[in-house]
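Asks: structure of the sequence below:
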Amino acid sequence: MDNQILIDLVTKRMPFGKYKGKLLCDIPEHYLVWMHGQGFPEGKLGMWLHTLYEIRLNGLEEILTQLKRNYSNR
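Replies: Next up is the predicted model:
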């Protein structure tokens, strides 16, 4: 996996909708499950959200927690 994708998940913000302005990594799991059922958007945002969905599905949130801690101190 490209490390930049993980960095983007802890630094980029949701551009629209109910969670507009939230860091992607802070979007609730129920929203990702809903979006998975609806279909993720095209482009980078869709790829980021799908990756986040897979991370949550597989219980790998600790990866993002550590990265978020590192990048919030910058």
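Asks: what comes into contact with stretch 64-74?
Replies: 6-7, 9-11, 23, 25, 52, 55 (CB atoms under 8 Å, 6 or more residues apart in numbering). For the C-beta atoms, the positions are set from N, CA and C on the backbone; glycine is no exception.
Asks: following the longest helix along the chain, which helix or strand shows up next?
Replies: Identified as the longest helix of the chain according to DSSP state H is helix 43-57. Next in sequence after helix 43-57, counting helices and strands by DSSP states H and E, comes helix 61-72.
Asks: give me the mean pLDDT for that next one.
Replies: Averaged over helix 61-72, pLDDT sits at 91.
Asks: quick one, it and helix 43-57 angle?
Replies: Counting by axes from the mean of the first three to the mean of the last three CA atoms, to 10 degrees, helix 61-72 lies at 130 degrees to helix 43-57.
Asks: just to revisit the earlier point, of the contacts of stretch 64-74, grab the buried ones for PyMOL.
Replies: With 16 or more other CB atoms under 10 Å as the criterion, this PyMOL line picks the buried residues out of the contacts of stretch 64-74:
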select buried, resi 6+9+10+11+23+25+52+55
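Asks: what about the contacts of stretch 64-74, which are in strands?
Replies: If you go by DSSP state E, the contacts of stretch 64-74 have nothing in strands.
Asks: turn the contacts of stretch 64-74 into CSV, including distance to Leu32.
Replies: Listed next are the contacts of stretch 64-74 as CSV, based on distance: CB to CB, whole Å:
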residue, distance to Leu32
Leu6, 16
Ile7, 19
Leu9, 12
Val10, 15
Thr11, 18
Leu23, 13
Cys25, 11
Leu52, 6
Ile55, 9
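Asks: so where is the protein shaky, pLDDT-wise?
Replies: Low-confidence segments of the chain, defined by pLDDT under 70: 1, 74.
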